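Asks: from the sequence below, what's the structure:
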Amino acid sequence: MSHLTTLNFNNTFWQTVVDRLQEDTPGDVICECSSDGFASLFSQADEQLSLAYEKLHTFPFKDVKPCWFRLYTDASLAKALKIIMAVENGSKNAFSGESLSDCLDEVVTILDMALIMAGGLGREEIIHQMLTELKSSSDAGEDVMEPPSKRSRLEKLGRDERCLPETFPNDEISIPKLQFPVQHMKQPSMTAFARSMQEDRTPVILTGVLDHWPALERWKHVSYWLDQTFDGRRLVPIEVGRSYTDEDWGQRIVPFRDFLKTFILQQPDSPAHAIGMEHTETGYLAQHDLLRQIPALRGDIATPDYCYLDAPPPDPGTPLALSKANKGLADKTSHPSLIPSTTSSSHHRNDDEDDDDDQEVQTNIWYGPAWTISPLHHDPYHNILCQVVGKKYVRLYSPRHSASLFPRRQDEPAPHLVQSNRDKPKNGDTYKQDVERKSTVADVHGETIDMSNTSTIDVAAMELSPHEDWDEIYPDLSKVPYVECILEAGQALYIPIGWWHYVRSCSVGISVSFWW
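Replies: Down below sits the predicted model:
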């Protein structure tokens with residue numbers, strides 16, 4: 001323990017963190033990868049972090065041993081604490097940046113990478129406390145990472161919030177006239193909603209059920225998001241490209257401030273780029289549990305009570321019913337991800353735990369500019385999609401018509417996999433290089449992703465060329481019934497399990513989905 005006991009912080013909080021991390025826990029999973037425990041990481045933080053990074057990128061994420069996620073997390077904590085201590089002690093070479101704000105950026109990046117890439121396995125609470133302490137001290141005007149003699153050198157982060165709008169752009173693009181509207185229910189009782197869910201088994205818009213959410217007001221303001229993301233320093237995993245079915249689709253991990261400025265506040269006013277007519281990148285945050293990564297945001301919303309009702313199984317004979325019968329349901333996702341999810345890094349379960357996990361409500365956030373789309377697909381869960389900011393157009397098809405919706409083959413590789421293999425990390429790429437470029441398209445390890453829950457129908461192209469005879473491309477598609485809606489801020493859309501749905505943002509939009 002000699003390496004660790006010499007690390008004495010002047011700041012009581014950081015010393016408490018070190019003391020907590022020294023505690024030996026019998027059976028700690030990290031012992032499978034590092035027998036010396038947390039203590040040795042202070043002298044080898046970079047080496048151990050690179051080792052864990054390599055292990056995370058050698059196998060499919062679902063096959064990575066939990067100890068490597070834990071090693072990645074603990075090595076990240078050691079690296080962050082070493083930087084904080086070095087700056088506290090006045091070491092000039094403690095960090096790679098040229099200013100103290102760069103040092104703060106570096107520490108936040110390290111901690112967020114531990115949350116995003118490893119789920120902060122076993123250390124989530126400590127990481128959140130560290131980030132809260134950094135932000136609180138920064139907001140109070142004292143730099144916890146700088147001795148008093150040098151604090152005057154610390155400047156604000158080069159903030160330019162004064163140049164940013166107070167609220168998100170509310171320009172609405174391509175609001176279609178509805179032909180087959182989804183039915184509405186105003187604040188249905190639990191009994192009424194349960195009856196509709198069990199008997200009607202059709203989508204329904206729920207009004208008045210989100211009126212108590214603070215998010216409806218707070219999330220409209222750019223300044224609020226900058227504050228909650230530590231002046232935009234927090235990292236977020238975003239998807240870049242029109243759709244995950246396209247060849248140029250990929251994922252990046254970027255600071256929130258870059259996501260905001262590049263993709264949310266500077267968007268073309270034409271929908272042409274939605275079908276590739278313009279070479280403007282579309283970037284959006286999709287299917288990410290941002291509320292778990294930044295817990296303060298969780299207090300702005302509430303899980304709808306309807307999510308705790310017993311939900312009916314998939315309709316007999318539909319793809320999901322057949323998949324469940326073949327034990328394939330648990331492996332399905334709504335769309336592929338090249339970045340590990342919290343389930344891969346922190347929920348290593350055995351088969352006996354599957355039923356319990358199915359009862360949990362999964363929360364994901366969707367955050368993007370106008371003409372952000374989710375291609376026609378279905379999910380293995382019941383879903384209540386809650387619109388917080390902006391509007392979305394949603395088209396839905398019953399799972400009974402799955403055979404007529406041109407689903408992709410189970411063995412059909414996603415188009416982006418070819419491009420991803422071109423861009424995947426080369427031999428010699430390191431954790432340091434990944435973090436320095438703050439942009440990564442993760443390796444897919446040669447896997448074939450099952451895309452059978454996604455249709456080959458390009459509904460976005462159909463929207464933009466409504467007078468074309470699409471039956472020539474998709475025979476008899478015009479005969480397949482559907483329902484549609486414009487989901488407005490403050491409304492929620494119930495999507496039954498297995499229902500095919502296409503979603504397009506009509507403006508800058510933020511929504512939260514609840515799967516159960």
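Asks: what number of residues lie near Lys479?
Replies: Using other C-beta atoms under 10 Å, Lys479 has 9 neighbouring residues. All C-beta spots, glycine's among them, are computed from the backbone N, C-alpha and C.
Asks: residues in contact with the closest residue to it other than its chain neighbours?
Replies: Distance criterion C-beta to C-beta, 6 or more residues apart in numbering; nearest residue to Lys479, sequence neighbours excluded, is Ser404 at 7.8 Å. By C-beta atoms under 8 Å, 6 or more residues apart in numbering, Ser404 lies in contact with 476-477, 479-480.
Asks: can you pull the contacts of the most centrally placed residue in the chain?
Replies: The residue lying closest to the centre of the chain (C-alpha atoms, centre = their mean) is His288, at 1.8 Å. By C-beta under 8 Å, 6+ apart, the contact set of His288 is 236-237, 364-365.
Asks: at 10 Å what do you get?
Replies: For His288, the contact set (C-beta atoms under 10 Å, 6 or more residues apart in numbering) comprises 116, 236-239, 251, 337, 339, 341-342, 363-367.
Asks: report pLDDT for Glu463.
Replies: Glu463 is assigned 95 on the pLDDT scale.
Asks: for Asp248, that is, sorry about that
Replies: Listed pLDDT for Asp248 reads 77.
Asks: that one and Gly241, how far apart?
Replies: Taking C-beta to C-beta, to the nearest Å as the criterion, Asp248 is separated from Gly241 by 5 Å.
Asks: comparing the two, which shows the higher neighbour count?
Replies: Legend: neighbour count by other C-beta under 10 Å for Asp248 and Gly241, higher for Gly241 (19 against 14).
Asks: do you know how far the closest residue to the more buried one other than its chain neighbours is from Tyr284?
Replies: Excluding the flanking residues, the one nearest Gly241 by C-beta to C-beta, 6+ apart is Trp249, at 3.5 Å. Applying C-beta to C-beta, the value for Trp249 to Tyr284 is 11 Å.
Asks: now do the shared contacts for those two.
Replies: What both Trp249 and Tyr284 touch, as defined by C-beta under 10 Å, 6+ apart, is the set 239-241.
Asks: mind listing the strands for the stretch 151-300 of the chain?
Replies: Under the criterion DSSP state E, counting those that start in this stretch, strands of the stretch 151-300 of the chain are mapped to 184-186, 204-207, 235-240, 250-255, 283-288.
Asks: closest one to Trp213 among those strands?
Replies: Minimum separation from Trp213 across the strands of the stretch 151-300 of the chain (C-beta to C-beta) falls at strand 204-207, 12.8 Å.
Asks: counting contacts, what elements does the longest helix that the chain contains pack onto?
Replies: Longest helix in the chain, counting residues (DSSP state H): helix 66-88. If you count contacts as 3 or more C-beta pairs under 10 Å, 6 or more residues apart in numbering; DSSP states H and E, helix 66-88 packs onto helix 2-5, helix 12-22, helix 41-56, helix 100-118, helix 124-139, helix 342-346, helix 431-437.
Asks: so which of those helices is the most packed in?
Replies: Most buried of the helices and strands packed on helix 66-88, by mean neighbour count (mean count of other C-beta atoms under 10 Å): helix 100-118, with a mean of 23.
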